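Trainee: Give me a 3D structure for the following:
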Amino acid sequence: MFDFYPEVNLSREDLLAKIASMVKKSRFEHMLGVEKAAIALAQKYEVDPHKASLAGLLHDYCKEVDDETFLALIDKYGLDSDLKNWDNNIWHGKVGIYKMREDFGLEDEEVLRAIEIHTVGDKEMSGLAKVLYVADYIEEGRTFPGVIEARAVANQDLNQAVAFETMRLVEYLAERRLTIYPQTFEAYNAFIGYLS
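Mentor: Numbers count the residues shown, from 1 in each chain. Here you go, the predicted structure:
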């Protein structure tokens, strides 16, 4: 693991303490699991493991933030007003990055972008964004049906892993008749060909 994160000017110990103060214990353990998976994927696919570590640790930093805070951030930063029609599942990434900028002074655009789209994907994703997106899905604490297959795919090809996860996400939401964020459809269309 890394001792210091210059992107946020904090030691690992201080960073973990700040994160732990924001989330319940089970969420914190998930974030550590995502960090571990992200580092492993980063090393395999030639992505910066230090940035993967930071993105993994911070990706759910805003998961337990109240709705009013997110709505206020949307207004404060003049974000797309359509975001108000969504909820925490979308907000903790797409809006949460603005709170992370405020709380940590985080300005690394690659890390911020990876966190921003870690639940919705995108048609264009950096290596780091793909690593975080997949790591969040396959970390060792996950036990849902299909996760073993997802881990196997992630071990073979990162683009296939993004496609597999996005396909499963769309299936999951459609089966439950839930709305699907438009950017997720774009990610699906951009990556599904890797599974052909």
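Trainee: distance of I19 from A114?
Mentor: 16 Å (C-beta to C-beta, to the nearest Å). C-beta: built from backbone N, CA, C; applies to glycine.
Trainee: Counting neighbours, go ahead and name the busier of the two.
Mentor: Using other C-beta atoms under 10 Å as the criterion, I19 and A114 rank with A114 on top: 31 against 18.
Trainee: can you pull the pLDDT of the more buried one?
Mentor: Model confidence at A114, given as pLDDT, is 98.
Trainee: which residues touch the helix ranked longest in the chain?
Mentor: Secondary structure of the chain read by DSSP state H shows that its longest helix is helix 25-44. By C-beta atoms under 8 Å, 6 or more residues apart in numbering, the list of residues contacting helix 25-44 from outside reads 19-20, 23, 47-49, 51-53, 55-61, 63-64, 127-128, 131-132, 134-136, 138-142, 154-155, 158.
Trainee: Can you go through those residues and name the buried ones?
Mentor: Among these, those buried by neighbour count (16 or more other C-beta atoms under 10 Å) are 19, 23, 47-49, 51-53, 55-61, 63, 127-128, 131-132, 134-136, 138-139, 142, 154, 158.
Trainee: Of those residues, which belong to helices?
Mentor: Per DSSP H, helices hold the following members of these: 19, 49, 51-53, 55-58, 127-128, 131-132, 134-136, 138, 154, 158.
Trainee: ok and the longest helix of the chain relative to helix 127-138, angle-wise?
Mentor: For helix 25-44 against helix 127-138, the angle by axes from the mean of the first three to the mean of the last three C-alpha atoms, to 10 degrees is 130 degrees.
Trainee: For N89, give me its contacts.
Mentor: Contacts for N89 (C-beta under 8 Å, 6+ apart) come out as T119.
Trainee: So it belongs to a strand, correct?
Mentor: No - counting by DSSP: H, G, I helix; E, B strand; the rest coil, N89 is not part of a strand but helix.
Trainee: okay, stretch 6-25 in PDB with CA atoms only?
Mentor: What follows is stretch 6-25, C-alpha atoms only, in PDB (Å, rounded to 0.1, in the frame of the first residue of the first chain):
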ATOM      1  CA  PRO A   6       0.200  13.900  -2.800                       C
ATOM      2  CA  GLU A   7      -3.000  14.500  -4.800                       C
ATOM      3  CA  VAL A   8      -4.800  15.200  -1.500                       C
ATOM      4  CA  ASN A   9      -1.700  16.000   0.600                       C
ATOM      5  CA  LEU A  10      -2.500  13.300   3.200                       C
ATOM      6  CA  SER A  11      -0.800  10.300   4.600                       C
ATOM      7  CA  ARG A  12      -2.600   7.000   4.200                       C
ATOM      8  CA  GLU A  13      -3.500   7.000   7.900                       C
ATOM      9  CA  ASP A  14      -5.000  10.500   7.800                       C
ATOM     10  CA  LEU A  15      -6.900   9.700   4.500                       C
ATOM     11  CA  LEU A  16      -8.300   6.500   5.900                       C
ATOM     12  CA  ALA A  17      -9.400   8.300   9.100                       C
ATOM     13  CA  LYS A  18     -11.200  11.000   7.100                       C
ATOM     14  CA  ILE A  19     -12.900   8.400   4.900                       C
ATOM     15  CA  ALA A  20     -13.900   6.300   7.900                       C
ATOM     16  CA  SER A  21     -15.600   9.300   9.500                       C
ATOM     17  CA  MET A  22     -17.900   9.600   6.500                       C
ATOM     18  CA  VAL A  23     -19.200   6.100   6.100                       C
ATOM     19  CA  LYS A  24     -20.300   3.100   8.100                       C
ATOM     20  CA  LYS A  25     -17.900   0.300   8.800                       C
END
